[in-house]
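1. Provided below are the primary sequence and the corresponding predicted coordinates.
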Amino acid sequence: MATSKTLGESLRQHGVSRRGFLKFCAATASMMALPPSMAPAIAQALEKARRPSVIWLSFQECTGCTESLTRSFSPTVENLIFDVISLDYHHTLQAAAGDAAEHAREQAMNTNAGEYLVVVDGSLPGPNANPGYSTIAGISNYDMLMDTIDGAAAVVAVGTCAAFGGLPKADPNPTGAVSVQDLVKDKPVINVSGCPPVPMVITGVLAQFLTFGTLPELDEYGRPRAFFGQSIHDRCYRRPFYDKGKFAESFDDEGAKAGWCLYRLGCKGPMTYNACATMKWNGGASWPVEAGYPCLGCSEPDFWDAGGFYKALSVPTGSPGDVLLTAGAVGAAVGVGAGLMSRNQGKQAVKHHDKVTADQLEEKL
Amino acid sequence: MTPMDFLLLTKGPLFSLAIAIFALGILIRLFEIFALGRAHNYAAARGNEVIPGLKTMYRRFNPDPGTLWHVGFVIALLLFIPHIELIKSTLGVSWPGLPNPVVDAVTAITLLGLVAVLIHRLTHPVKRFLSTPQDYLIWTVTFLPVLTGYLAYHRLINPYPLALGLHIFTVEIFLIVLPFTKLTHIFTAFVARYYNGAIFGRKGIQS
Amino acid sequence: MTQGTHSFSVERGLNAWREEIDAPVAAFFSSCVHCGLCAQACPFFVETGDPKYTPIHKLEPMRLLWEQEFTLWGKLKKTVKDRVDTQLGRAPKPLITDEMLEEWEPLLYDSCSMCGRCSMVCPVGNDIHYMIRKAREGMVASGHSPEGLVAASVRAVNTGSPMGLQWKTLDVQIKHVETATGLEVPIDKQGADYLVLLSSMEIINFPEYLEAITKIFDHAGVSWTLSKTCFEATNAGIQIGSKDIAATLVQRVVDAAEQLQVKNVISPECGHAYTAIRWEGPNAIKRAYPFKVYHIIEVLDQLRADGRIKTEGKEMDRLSMHDPCNLARKSGVVQQQRSLMDLVASNFVDLKEHGEFQWCCGAGGGVSSNERAEPLKLAAFKRKKAQIEEVEPERMVTMCATCRTQLEEGLEEFNMDIPVVGLTEIIADHLVEKEVENKKAEES
């Protein structure tokens, strides 16, 4: 259902100023680590870009990712970018339902074979799991994903569930949930992790695809390096307090009020790679750490199982105290046993003591 | 295995395994010593045993490079905030820490000190003569946690889960190796010092 | 098992070590990190520079036995090793061989005076000399002790003196002292306060000692006696490292003291004799004494403190002092000799490291009885010599016949004209004689 309308036309139709558009292009350029001189080129390319077809598959998810992308308090360029793609299938947003909805998906796949983008949010039960845990229109998530990606140009896994399995995959993972990249091996997979991800990261990835027809450079987790290249800790405005060793120790102490580092309250910023600290949320209003809340590490794999949210990063995940006590008690018992054995050896030696006499010594001379 | 898998492995099951081996091993070693006991001493004592014994426990810290890095090691181990959090979660006790830049500087000195003692061991005739492969092994397993900790703090290994995972992993190696090598001196040296102080103390000398 | 065969063997030696390994030994071996600091405390290493004289290295064979038989970890390693050997069909290599012990014999005897200085500096707190003493038990039982010490032990047990000295020799000297002083030397006096012991070396080399105590005790009105059945204080068993021999010799002292029913026993100016009787003796015979044991210096200082020694005049030349290891570091007698020096010396200067941190003269622990160790004994003396040169005394004072002989020989070897004197003699030289006469005049 791709139309001939270019992005530029669409933007103008929605009343976005040239100035606002260029600002977005400059920001996109900087996020992609391109020199500012590239911004006009991006603008030019974007203006001419055709609306690509996007099929959005929602599996084991909470719709938080969609909420994050769509629920803005004022229209932004990001939203408009989102608006102007040809979102041909998205069962939360589309008007059609039932067979009509599925029909739309199939039609988009046929019409744009080899060119469309597949966006996935949510994890899905793996091929060996009971498919009944998550189905759409009687089709298992697995079958729908494998069927849909067949003709796709690329797959964007939006949100930590799609990227890494997320909450459904958390221990004990009752539904056998897996991530998109666990299943999709023959198509490029771009992970836009986060629970939810920063909206601009999605639009940024789309912008690059629209501009250059290329996919962004990815890190070892398949995430766009431009957005996930630096840790929260490294870009955190509270970092100077960490470096000075000033820490809040409870949510209402003087340190918390003074805006000190939240490490001891469980902040996972040091191990978390995301753009929150630089792009912030809600139109740049704030972000969790600025709101006085430790980073949960939501854009990292297995973050649900990576220790308590309110436990410092350095705290082990098991119960080492119990292990220490048990092993210590056993060790003490074994040690006493072994020691008594040795002591008995000494006593035996005393029993076998052969008295040294002058006569014996004299024989030596 | 992704860096995060590795970190979670080191923070979870491996850590439990390491401290289990450590606690089991070191307590065996200690009780093995105590259970041997001492023969009754029939000679009339000139002095007390307990007080000089306790005094010798802390009087043997000489101001030399060997002590320097030991002190640095202990400061970094016990006064770095993330370590305090770990101890608090494991043992339920905590104490105030030092500002990170101070621990950072101490760690740098500790690393230099460790390198210095290794050079000394390799060059000093007595040390070289006495040294066994085990001496170099324990140097290595002691050096690595300090080094990886330093690198992780300065984020010189990326991504960070790998850096932190390596740090924790080297600590686990240290803990596992400890009871089976002369790293036991961390604990037994105080026992040895007590006995030394007590033996001399009985004869009226503070050793 | 060699029980009853009475032949010295490795196995008998290892059995002796098994008897000796206790909690402190296990703690010490568990703690050594090969830092090598003990070498810097040892005159034998410092003056030879040979790393094999590092104190802790001298204990390596005993450490091997401890590790293999007294630690669970060692036992496990041994089991695995034996399994591997059985699998490969080869004979297991013995842990400690006769050749090894032979190699270690000079390390444990010739290059160690058991001065205990290493035990004071070890950063992990290892009491190395405590272990050397124990290690020697195994060396004796395995037949690896130096000929000189074996001979001294045999003589001590068979004749009552390590030098083969007889009572008649001492008797001549007693007569001589009595003539010179006009005082009686009490012999076998029942119920005396003090039983005085002597050392053979003193009797031969320093006869002035007996004269000195005769004078001092008369001056202070001390009730004392010699024993005809046991005059020898030294204990070759302690030096060679055999508690059996030591017990035999100590028993003689105890028998004599109990027979005469004395309250106290005085060890002479001899370091090891004092530690032998004072500290090791009760443990060798496995019971506490019914009397107390003092070094002569302790007795003299007590008399001084009680005001029973009146002196006049002081030595005017520059005097320094050598603390015998056995007396100072190993027995806690440090202040007493200094208080006595203050009484009789106006120009006393201590060596820089003295008291519990003094350096050994190099002759103790049986080194002086071991002819093979002569070159090492002289080498080790160089540390003492350096210490003496630092303070440049005109004379040296000491209170141990072995130290005194070593100092005299060593200083002569290096052409240093510094006479060595015993502290007891100096005290005797300064006694106020008139007071005694006055007292006698008053009484009459």
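-> Nice, thanks for sending it over.
2. CA atoms for contacts and neighbours, from now on please.
-> OK.
3. and the residue nearest in space to the middle of chain C, what pLDDT?
-> Nearest to the mean C-alpha position of chain C, by C-alpha atoms, centre = their mean, lies C:His272 at 1.8 Å. Predicted confidence (pLDDT) for C:His272: 94.
4. is it in a helix, a strand, or coil?
-> Using DSSP: H, G, I helix; E, B strand; the rest coil, the structure places C:His272 in helix.
5. A:Asn191 too?
-> Assigned by three-state DSSP, the conformation of A:Asn191 is strand.
6. what is the burial count for it?
-> 28 (other C-alpha atoms under 10 Å in any protein chain shown).
7. over to C:Phe291?
-> Neighbour tally, C:Phe291, other C-alpha under 10 Å: 16.
8. for A:Pro127, same thing?
-> 15.
9. ok, it - contacts?
-> By C-alpha atoms under 8 Å, 6 or more residues apart in numbering or on different chains, the contact set of A:Pro127 is A:Tyr142.
10. surely it is in a strand?
-> No: assessed with three-state DSSP, A:Pro127 is coil; it does not lie in a strand.
11. how about it, phi and psi?
-> phi -60, psi -30 (degrees, to the nearest 10).
12. same question, A:Ile136
-> The phi/psi pair for A:Ile136 (degrees, to the nearest 10) is phi -130, psi 120.
13. partner residues bridging it?
-> A:Ile139 (DSSP bridges).
14. picking that back up, wouldn't the residue nearest to the centre of chain C be in contact with C:Asn235 here?
-> Yes: using C-alpha atoms under 8 Å, C:His272 is in contact with C:Asn235, at 7.4 Å.
15. what is the distance between stretch C:400-416 and the centre of its chain?
-> Centroid separation between stretch C:400-416 and its chain, computed with C-alpha atoms, centre = their mean, to the nearest Å, is 17 Å.
16. how about it: buried residues?
-> For stretch C:400-416, the neighbour count (16 or more other C-alpha atoms under 10 Å in any protein chain shown) marks C:Cys400, C:Ala401, C:Thr402, C:Cys403, C:Arg404, C:Thr405, C:Gln406, C:Leu407, C:Glu408, C:Gly410, C:Leu411 as buried.
17. out of those, which is nearest to A:Phe59?
-> Nearest to A:Phe59 among the buried residues of stretch C:400-416, counting by C-alpha to C-alpha, is C:Cys403 at 92.9 Å.
18. nearest residue to the closest one in space, please, no chain neighbours.
-> Distance criterion C-alpha to C-alpha, 6 or more residues apart in numbering or on different chains; nearest residue to C:Cys403, sequence neighbours excluded, is C:Cys361 at 6.0 Å.
19. what is the neighbour count of that neighbour?
-> 28.
20. kindly report the same for A:Gly213.
-> Other residues close to A:Gly213 by other C-alpha under 10 Å number 12.
21. likewise for C:Leu183?
-> As a burial measure, C:Leu183 scores 13 neighbours (other C-alpha under 10 Å).
22. doesn't C:Thr214 make contact with it?
-> Yes: at 7.4 Å, C:Leu183 and C:Thr214 qualify as touching, with contact defined as C-alpha under 8 Å.
23. any idea how far C:Ala386 is from chain B?
-> Computed as C-alpha to the nearest C-alpha, to the nearest Å, the C:Ala386 to chain B distance reads 22 Å.
24. so what's that residue scoring on pLDDT?
-> C:Ala386 is given a pLDDT of 96.
25. wasn't it part of a helix?
-> Yes: counting by three-state DSSP, C:Ala386 is found in a helix.
26. that one and A:Gln360, how far apart?
-> 42 Å (C-alpha to C-alpha, to the nearest Å).
27. neighbour count for the two, which is higher?
-> Higher neighbour count among C:Ala386 and A:Gln360: A:Gln360, with 16 against 11, using other C-alpha under 10 Å.
28. contact partners for that one?
-> When contacts are counted by C-alpha under 8 Å, 6+ apart, A:Gln360 touches C:His6, C:Ser7.
29. the strand or helix carrying it: which residues count as buried?
-> Using DSSP states H and E, A:Gln360 maps to helix A:358-364. By 16+ other C-alpha under 10 Å, the buried positions in helix A:358-364 come out as A:Ala358, A:Gln360, A:Leu361.
30. likewise for stretch C:334-354?
-> Neighbour-count burial for stretch C:334-354 [16+ other C-alpha under 10 Å]: C:334, C:336-338, C:340-341, C:343-345, C:348, C:350-351, C:354.
31. which of the helices and strands in chain A ranks last by mean pLDDT?
-> Taking mean pLDDT, DSSP states H and E as the measure, the helix or strand of chain A with the lowest value is helix A:77-84, at a mean of 59.
32. got a pLDDT number for residue 16?
-> If you meant another chain, say so; for now it's chain A. At A:Val16, pLDDT is 71.
33. sorry, should have said chain B
-> Predicted confidence (pLDDT) for B:Ser16: 94.
34. does the closest residue to chain C within the stretch 51-200 of chain A count as helix, strand or coil?
-> Nearest residue of the stretch 51-200 of chain A to chain C: A:Asp171, at 38.2 Å (C-alpha to the nearest C-alpha). Classification of A:Asp171 by three-state DSSP places it in coil.
35. what's the neighbour count on it?
-> 10.
36. from memory it sits against A:Gly307, does it?
-> No: contact criterion C-alpha under 8 Å: A:Asp171 and A:Gly307 do not qualify, at 11.6 Å.
37. returning to that earlier point: which one is the residue of the stretch 51-200 of chain A closest to chain C nearest to, not counting chain neighbours?
-> Leaving out its chain neighbours, the residue that sits closest to A:Asp171 by C-alpha to C-alpha, 6+ apart is A:Asp305, at 6.7 Å.
38. repeat that for C:Met131.
-> C:Val25 (6.7 Å).
39. now swap in C:Phe231 and tell me
-> C:Phe231 sits nearest to C:Leu197 (C-alpha to C-alpha, 6+ apart), 5.0 Å away.
40. give me the neighbour count for that neighbour.
-> C:Leu197 has 24 nearby residues by other C-alpha under 10 Å.
41. any idea how far C:Arg318 is from the closest residue to C:Gly148 other than its chain neighbours?
-> Once flanking residues are discounted, C:Gly148 sits nearest to C:Asn370: 4.5 Å by C-alpha to C-alpha, 6+ apart. Separation of C:Asn370 from C:Arg318 (C-alpha to C-alpha): 34 Å.
42. looking at the two, which one has more neighbours?
-> Applying other C-alpha under 10 Å to C:Asn370 and C:Arg318 shows that C:Asn370 carries more neighbours, namely 22 against 16.
43. C:Pro268: neighbour count?
-> 28.
44. that one against C:His295, yeah?
-> Yes: under the criterion of C-alpha under 8 Å, C:Pro268 makes contact with C:His295 at 6.2 Å.
45. where do the contact lists of those two overlap?
-> Joint contacts of C:Pro268 and C:His295 (C-alpha under 8 Å, 6+ apart) are C:Tyr274.
46. now do the SS call for the residue most central in space within chain B.
-> The centroid of chain B falls nearest to B:Ile186 when counting by C-alpha atoms, centre = their mean (5.0 Å). Recorded secondary structure, B:Ile186: helix (three-state DSSP).
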